[in-house]
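Undergrad: Make a model of this:
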Amino acid sequence: MPVWRQTLILGTLISLLLMACSASDMGSSTGRRVTSDTASRSGEVAKFEQDRQAILAMAGTYRVKFDFTETVPFVAGYKLKDHYEAGAHEVVRVIEDRGYFISLQHILVVGDKEKFPVKHWRQDWAYEPDSVLVYIGGNAWERRDLSAQESRGKWSQTVYQVDDSPRYGAVAAWNHENGVSEWEPAATWRPLPRRDATKRDDYQVVDAVNRHAITPTGWVHEQDNTKLVLRGKPQSLVREIGVNSYVRDDTFDAGIADRYWAETKDYWALVRQAWSDMERQHRTFGLTIQGEPEALYQELLGLAESVRNGEKTVAAAGAEARDVIARFTTVDVGDLMSRISTKVTESHY
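TA: This next block holds a predicted model:
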């Protein structure tokens, strides 16, 4: 590559980093404000852009397969559950990119004869964040501060539910060795997936190792999950391997997903802001309901439909959504054991 072009690229990367210096600090999800000292680390600047390209590579239109298999039981008499597999098309769009902060919104497209969009999860990536939002069990979360050393050169990933409420977060460095770009943090807690939360009550939290890797055909989200019983001394119930594969499919018409987002994005921006305010203002907070929070997300998704149908303005729906969130959340999370169900159904074993 010619020297002039290398210089131009490096200057662009440094500009991206310096842009963060003037940005306002909006809380843990936006990343650390990068200093000119950070920008002077030329090797780290180059890796920063490599990291960014790996994250941005997850945007696109995909045929996705969700595949989960329980593998090793740790409680006498426990019977491994049936293999779970499901598939759909999923559209992933970049809804915000400020250089050091990237937000990717997932929208499922389901149905056979008549296809319709379903707002799915969101992943926010922040470079060298000041803090990370982590799941602490019992549908509650805690904002944990990070030192400069803990976050240097690393990205946090915070995953959000279909209604933009939080699910889990972690921090790690992207690795680009051996021709593969991948991100893998230490094991962290997360809530039960819907496939279990709606059917089981024999464990209360997932202790998960979570890896994202870019592949020639798209990307893959690999999980090494341990299902934990939190009653008395924590007990590992069973391990599970998860592989969510995203295979690029440019033949699929993503218009239905893009139209949904165009019609509702302003409303969802207000919903995200309400949750961001909660996260910024309170170190810990949680939901007032346990298990699958269907009552919460049905109301918020319903308000999005009212905007699409012209029944409510964005402002009116956003204000109502803030009231709904206030009704279903609390900052008095109390003791974890007081929030979780300790009931274990014997028939599960």
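
Undergrad: Q50: how many residues sit nearby?
TA: 12 (other CB atoms under 10 Å). (Glycine included, C-beta is placed from N, CA and C.)

Undergrad: pretty sure it contacts N175?
TA: No: assessed by CB atoms under 8 Å, Q50 is found out of contact with N175, at 10.3 Å.

Undergrad: Give me the common contacts of those two.
TA: Taking CB atoms under 8 Å, 6 or more residues apart in numbering as the criterion, Q50 and N175 both touch S181.

Undergrad: Tell me the secondary structure at G318.
TA: helix (DSSP: H, G, I helix; E, B strand; the rest coil).

Undergrad: can you pull the contacts of it?
TA: Contacts of G318 (CB under 8 Å, 6+ apart): Y267, L270, V271, A274.

Undergrad: I'd like the residues you listed written out as JSON lines, with secondary structure added.
TA: Shown next, in JSON lines, are the contacts of G318 (three-state DSSP):
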{"residue": "Y267", "secondary structure": "helix"}
{"residue": "L270", "secondary structure": "helix"}
{"residue": "V271", "secondary structure": "helix"}
{"residue": "A274", "secondary structure": "helix"}
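
Undergrad: which of these are buried?
TA: The neighbour count (16 or more other CB atoms under 10 Å) marks Y267, L270, V271, A274 as buried among those.

Undergrad: Any chance of the contacts of G318 in TSV with pLDDT and distance to G255 as columns?
TA: Listed next are those as TSV, based on pLDDT from 0 to 100; distance: CB to CB, whole Å:
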residue	pLDDT	distance to G255
Y267	98	20
L270	98	25
V271	98	23
A274	98	29
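
Undergrad: out of the residues you listed, who's nearest R211?
TA: Closest approach to R211 among the contacts of G318 (CB to CB): V271, at 28.8 Å.

Undergrad: do you know how far the closest one is from T264?
TA: Separation of V271 from T264 (CB to CB, to the nearest Å): 10 Å.

Undergrad: where do the strands sit along the stretch 151-300 of the chain?
TA: 155-160, 166-172, 174-175, 182-183, 188-190, 205-215, 218-229, 235-248, 284-287 (DSSP state E, counting those that start in this stretch).

Undergrad: which strands and helices sit next to the longest one?
TA: Contacts of strand 235-248 with other secondary structure elements, assessed using 3 or more CB pairs under 8 Å, 6 or more residues apart in numbering; DSSP states H and E, are made with strand 60-73, strand 218-229.

Undergrad: Parallel or antiparallel, which strands does the shortest one pair with?
TA: When pairing is defined by DSSP bridges, strand 218-229 lines up against strand 205-215 (antiparallel), strand 235-248 (antiparallel).

Undergrad: and of those, who's closest to Q290?
TA: Nearest to Q290 among the strands paired with strand 218-229 is strand 205-215 (11.9 Å), distances taken as CB to CB.

Undergrad: CA atoms only: put that closest one into PDB for me.
TA: Taking C-alpha atoms only, strand 205-215 is exported to PDB below (Å, rounded to 0.1, in the frame of the first residue of the first chain):
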ATOM      1  CA  VAL A 205     -29.600 -18.400  35.700                       C
ATOM      2  CA  VAL A 206     -27.300 -19.200  32.800                       C
ATOM      3  CA  ASP A 207     -23.500 -18.900  33.400                       C
ATOM      4  CA  ALA A 208     -22.300 -18.400  29.800                       C
ATOM      5  CA  VAL A 209     -19.200 -18.200  27.800                       C
ATOM      6  CA  ASN A 210     -20.100 -16.100  24.800                       C
ATOM      7  CA  ARG A 211     -18.100 -16.000  21.600                       C
ATOM      8  CA  HIS A 212     -18.700 -14.100  18.400                       C
ATOM      9  CA  ALA A 213     -16.600 -15.000  15.400                       C
ATOM     10  CA  ILE A 214     -16.700 -13.800  11.800                       C
ATOM     11  CA  THR A 215     -16.900 -16.500   9.200                       C
END
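
Undergrad: buried stuff in that strand?
TA: V205, V206, D207, A208, N210, R211, H212, I214.

Undergrad: ok, of the residues you listed, which one's closest to R327?
TA: Nearest to R327 out of the buried residues of strand 205-215 is V205 (CB to CB; 24.7 Å).

Undergrad: what's stretch 257-270 in contact with?
TA: 91, 93, 95, 105, 107-109, 117, 119, 164, 303-304, 307-308, 314-315, 317-319, 321-322.
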